[in-house]
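S.K.: model this:
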Amino acid sequence: MATVTPPVPGRRHRTPLARQEARWAYLFLAPWIIGFLIFYVGPMLASLWLSFTEYDVINPPAYTGLDNYRELMSDPAVARSLGNTVYYTALHVPLVMLVSLGLALLLKRVGRLQGFFRTVFYLPVMTPAVAVGILFLLLLNTQDGLINRALGLLGIAGPSWTTDPHWVMPGIILMSLWSLGSTVIIYLAALQNVPRDLYEAAAIDGAGPWARFRSVTLPMISGALFFTLIVNTIASLQMFTEVYTMYFGNRETQNTFNSDAASFYVIHLFQEAFQFLHMGFASAMAWLLFVIILVITLVQVKLSNRFVYYEGEDK
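M.R.: Predicted coordinates for the structure are as follows:
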């Protein structure tokens, strides 16, 4: 009597057509996979190796063990640049989220003009970062900058945004609001997806505008808030182009301000790598930043389980 071999649990029988489709899928994915391995995984592994060496591009790398990481922990310039970056992130991210949410709430009420204002708010995002740096270098100019001129019309003496160490960081944070359009669009889309019957039910229960916002709007858009929190945090910790253009790529500002006030972590990393040719030390800095971003992101993801509502999820 013939015996029938039972199917192996967890293994599905794939038809020839399914196998052919899988081969075509891998074939179309191959360019991306090859590019990812060559341009992302390869350089990351190379930088990991270089972080344990002393390498100046000219001479072959010399293995030094953990010396670069020990130097990282004791270098005051690294601590200062990391402190500036964390300070900027702590102010920039909540400010962008609050302003963007306020603008999104206003956009939701404009009716037919909503499409026009969406475009207006998003266009600055398309501005090249170097152009943004040059633009705000002009706007924040102490003598004839547009911002100080506007303050002068109100009888307020404008500060030295680009030369006073106490005002350099506020000026950079002000500049960072230029590109909040993408966050506004994300919040607007989230607000438009909140079911109206939830607001109606809350109103019937006697909830006022603030209670409806706190109990209905915020929970329903918490996924969008969480997404922008992570994205903006990662972007803030890697702040580079605009600040470098304003303060380090301009001879005029280099001679008139204290560079410590605008020294961000990635800027210091760039200088160590391409100005001083300390490639091994710069690689160690890059991996430290990678670990910091990874830890912060994991903490945010862990906390999201308490505060983020996902539609259709059983709680």
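S.K.: tell me the contacts of the residue lying closest to residue 221 once chain neighbours are set aside?
M.R.: Among residues not flanking residue 221 along the chain, residue 190 sits closest, at 4.0 Å (C-beta to C-beta, 6 or more residues apart in numbering). Bear in mind the C-beta positions are built from the backbone N, C-alpha and C, glycine included. When contacts are counted by C-beta atoms under 8 Å, 6 or more residues apart in numbering, residue 190 touches 104, 220, 221, 223, 224.
S.K.: again, 10 Å this time
M.R.: 101, 104, 217, 220, 221, 222, 223, 224, 225, 227, 228 (C-beta atoms under 10 Å, 6 or more residues apart in numbering).
S.K.: Tell me the spacing between it and residue 159.
M.R.: Distance, residue 190 to residue 159, using C-beta to C-beta, to the nearest Å: 36 Å.
S.K.: likewise residue 288?
M.R.: Distance of residue 288 to residue 159, given as C-beta to C-beta: 33 Å.
S.K.: do the same with residue 284
M.R.: Applying C-beta to C-beta to residue 284 and residue 159 gives a distance of 37 Å.
S.K.: Settle it for me: which of the two has more neighbours?
M.R.: residue 284 (27 against 18; other C-beta atoms under 10 Å).
S.K.: what packs against whichever strand or helix holds the more buried one?
M.R.: Residue 284 belongs to helix 279-307 when elements are defined using DSSP states H and E. For helix 279-307, the elements it packs on are helix 42-50, strand 53-54, helix 67-74, helix 76-107, helix 222-237, helix 265-270, judged by 3 or more C-beta pairs under 10 Å, 6 or more residues apart in numbering; DSSP states H and E.
S.K.: Please spell out which residues along the fifth one are buried.
M.R.: Translated: helix 222-237. Neighbour-count burial for helix 222-237 flags 222-226, 228-230, 232-234, 236-237 (criterion: 16 or more other C-beta atoms under 10 Å).
S.K.: what's the angle between it and helix 76-107?
M.R.: For helix 222-237 against helix 76-107, the angle by axes from the mean of the first three to the mean of the last three C-alpha atoms, to 10 degrees is 150 degrees.
S.K.: Show me what the very next helix or strand once past helix 222-237 is packed against.
M.R.: Following helix 222-237 in sequence order, the next helix or strand is helix 241-243 (DSSP H and E). Judged by 3+ C-beta pairs under 10 Å, 6+ apart, the packing partners of helix 241-243 are helix 129-139, helix 165-176, helix 265-270.
S.K.: Need the contact partners of helix 241-243.
M.R.: Applying C-beta under 10 Å, 6+ apart, the set of residues contacting helix 241-243 is 84, 88, 128-137, 168-169, 171-172, 175-176, 178-179, 249, 262-264, 266-267.
S.K.: Tell me the buried residues within those.
M.R.: Buried by 16+ other C-beta under 10 Å: 84, 88, 132-137, 168-169, 171-172, 175-176, 179, 262-264, 266-267, out of the contacts of helix 241-243.
S.K.: And the pLDDT for the most centrally placed residue in the chain?
M.R.: Closest to where the C-alpha atoms of the chain average out (C-alpha atoms, centre = their mean) is residue 235, at 1.9 Å. pLDDT recorded at residue 235 is 94.
S.K.: where does this protein dip in pLDDT?
M.R.: Filtered on pLDDT under 70, the chain yields the residue ranges 1-13, 250-258, 311-315.
S.K.: could you redo the last one with a cut-off of 50?
M.R.: Scanning the chain with the threshold set as pLDDT under 50 gives 1-2, 315.
S.K.: So what angle separates the directions of whichever strand or helix holds residue 187 and helix 222-237?
M.R.: Assigning secondary structure by DSSP H and E places residue 187 in helix 181-192. Counting by the same axes, to 10 degrees, helix 181-192 points 170 degrees away from the direction of helix 222-237.
S.K.: What residues of the following helix or strand past helix 181-192 count as buried?
M.R.: Once the chain leaves helix 181-192, the next helix or strand it forms, by DSSP H and E, is helix 196-204. The neighbour-count check on helix 196-204 (16+ other C-beta under 10 Å) flags 199, 202 as buried.
S.K.: and what of stretch 157-169?
M.R.: 158, 159, 160, 161, 162, 163, 167, 168, 169.
S.K.: cool, stretch 78-86 as well?
M.R.: In stretch 78-86, counting by 16+ other C-beta under 10 Å, buried: 78, 81, 82, 84, 85.
S.K.: who's in contact with that stretch?
M.R.: Residues outside stretch 78-86 that contact it (C-beta under 10 Å, 6+ apart): 71-73, 75, 168-169, 172, 236-239, 243, 260-269, 271-272, 281, 284-285, 288-289, 292, 296.
S.K.: let's see 7 Å
M.R.: For stretch 78-86, contacts defined as C-beta atoms under 7 Å, 6 or more residues apart in numbering pick out 72, 237, 239, 260, 263, 264, 265, 267, 268, 285.
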